[in-house]
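Student: Take this sequence and fold it.
(2 chains)
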2 protein chains.
Amino acid sequence: MIDFEALFKISYGLYIVSSGDKIKGNGFISNTFFQVTSEPVMFASCCSKNNYTAELILETGAFSASILPENTNPTIITNFGYKSGRDIDKLNGLNVIYGETGVPIVLDDCIAYLECKVVETIDVGTHYMFIGELVHAEMMDENLEPITYAYFRKVRKGSAPKNAPTYIDRSKLVKKQPASDFNKFKCLACGYIYDEQLGDPSNNISPGTKFEDLPDDWVCPVCGTEKEDFVKL
Amino acid sequence: MIDFEALFKISYGLYIVSSGDKIKGNGFISNTFFQVTSEPVMFASCCSKNNYTAELILETGAFSASILPENTNPTIITNFGYKSGRDIDKLNGLNVIYGETGVPIVLDDCIAYLECKVVETIDVGTHYMFIGELVHAEMMDENLEPITYAYFRKVRKGSAPKNAPTYIDRSKLVKKQPASDFNKFKCLACGYIYDEQLGDPSNNISPGTKFEDLPDDWVCPVCGTEKEDFVKL
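Tutor: Numbering: from 1, shown residues only, chains lettered A, B, ... in the order given. A predicted model of the protein is given here:
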């Protein structure tokens, strides 16, 4: 038996993991970036094989991670978390520098950044785990508190995108469904569909909750859009 | 250039990772336990090759992780974080169950627990990274907040033991040392030595801070013992 709610008690930070070079660079929002050894200092980063950034890490053999603060601008989350670098240039207009390895490093909303050189690439099925030796680390603003995934879910009302290692299929959280007449409502900003039958477990909205009964301050769990910008399907 | 202070901005939870069986079981405090894929749900755990638990995971091919709350009993931290299962039976007297794979699961101060079957063991130098498929997850008390490593350092005044992936050699944090006459003070409980020349960067105590000038509420960064239980060397 797997109670998927238990998985929400695992703690993670949020990072922009970037790779590429000055010609083509990209990054994505990651919650699985963590130190694996201290001598030498090595970090691991998990990246969906579908991610454009995975392609760039394979090509360049390096990546950077910018540590995001609690007050991260929502456009940074939307841009790096829910869009693809194959469709848009995510780095366009941002404050980006290029590290010792040549990879881009995003400095917007950045507490500190780290740059790693890949020493091993592990195939873990749907994702690659890149193990990288730390070559550079720099603090940008030590007074900022890092955002945690729990904070992102609770205060910022966010949820993991489909390519994240921690993505949870909402239907798996449903234990009992009342048999009745349910409707679906679509977020005009990001396309997320609120299904009354499933509710919104990431915001503790039980399965079977009618859209009209959602709290007034409920927002789209994917992009933070308010209730009034949803349409009934 | 590596600014080691930047590494303290990476977010982690704290877990008791356990393995073995009813005859010989053991666990250790880990901050590197995290989900790596969602289909199937797989987790990774980093474990020093010196750890007795690493030996047991290699033998049994399975491990459990108990998610610790903010109010974790200090004896749990000391027992699982700073002692070796080669010297004592860490599970003795605790509330322990045995999972589907036969490994022990510690239920004292447990928000939720997860049990994984190892599918791959990766040698990352000083540590093994065990990749395991989730076979069981259960919530024990969903109202408890998970302890984060930042909280452990800031509020609970803890620091990583030497075998942790995130262990930082304090001397690396020292940038400038005033030339003068410094003393050392030893914690009678755990043997940690406060060196005035180095200070205690994990508690924002600058290098050069005299022991007598430490704040009254300063405690041993390793085991939480108060100032009065230190002796001058």
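
Student: Which residues are in contact with A:L94?
Tutor: The contact partners of A:L94, by Cβ atoms under 8 Å, 6 or more residues apart in numbering or on different chains, come to A:V106, A:L107, A:D108. C-beta: built from backbone N, CA, C; applies to glycine.

Student: Same check on A:T53?
Tutor: A:V17, A:S18, A:S19, A:G20, A:N26, A:G27, A:F28, A:C47, A:F63, A:G85.

Student: Nearest the geometric middle of chain A, what residue?
Tutor: Of all residues in chain A, the one closest to the mean position by Cα atoms, centre = their mean is A:I29, 4.0 Å from it.

Student: Distance of that residue relative to A:I97?
Tutor: 19 Å (Cβ to Cβ, to the nearest Å).

Student: Please name the residues that touch the residue nearest to A:S206 when sequence neighbours are not counted.
Tutor: Once flanking residues are discounted, A:S206 sits nearest to A:G199: 4.9 Å by Cβ to Cβ, 6 or more residues apart in numbering or on different chains. With contact taken as Cβ under 8 Å, 6+ apart, A:G199 is in contact with A:V174, A:I205, A:S206, A:P207, A:G208, A:T209.

Student: Centre of the chain to stretch A:1-16, how far?
Tutor: Distance of stretch A:1-16 from its chain centroid, counting by Cα atoms, centre = their mean, to the nearest Å, is 12 Å.

Student: Quick one: end-to-end distance for it.
Tutor: 34 Å (Cα to Cα, to the nearest Å).

Student: Are that stretch and chain B in contact anywhere?
Tutor: Yes - against chain B, stretch A:1-16 shows contacts by Cβ under 8 Å from any Cβ of the partner chain at A:M1, A:I2, A:D3, A:F4, A:E5, A:A6, A:L7, A:K9, A:I10, A:S11, A:Y12, A:G13.

Student: Spell out, range by range, the strands that occur in chain A.
Tutor: When secondary structure is read from DSSP state E, chain A shows strands at A:15-20, A:25-30, A:33-38, A:41-48, A:62-67, A:96-98, A:104-106, A:112-124, A:127-139, A:184-187, A:193-195, A:230-232.

Student: Where does pLDDT dip in chain A?
Tutor: A:170-180 (pLDDT under 70).

Student: contact partners of stretch A:153-165?
Tutor: Against stretch A:153-165 from outside (Cβ under 8 Å, 6+ apart): A:8, A:28-32, A:46, A:48, A:50-51, A:70, A:74, A:77, A:81-82, A:127, A:147, A:149, A:152, A:166-168, A:202-203, A:219-222, A:224, B:34-38.

Student: Show me which of these are buried.
Tutor: The neighbour-count test (16 or more other Cβ atoms under 10 Å in any protein chain shown) applied to the contacts of stretch A:153-165 identifies A:8, A:28-32, A:46, A:48, A:51, A:70, A:77, A:81-82, A:127, A:147, A:149, A:152, A:166-168, A:202-203, A:219-222, A:224, B:34-38 as buried.

Student: Now do stretch A:102-115: distance to the chain's middle.
Tutor: Using Cα atoms, centre = their mean, the offset of stretch A:102-115 from its chain centre is 16 Å.

Student: Over to stretch A:45-58?
Tutor: On Cα atoms, centre = their mean, the centre of stretch A:45-58 falls 13 Å from that of its chain.

Student: Span of that stretch from start to end?
Tutor: Its first and final residues considered, stretch A:45-58 spans 13 Å by Cα to Cα.

Student: on that earlier part again, go through the contacts of A:L94 and name the one nearest chain B.
Tutor: A:L107 (13.3 Å; Cβ to the nearest Cβ).
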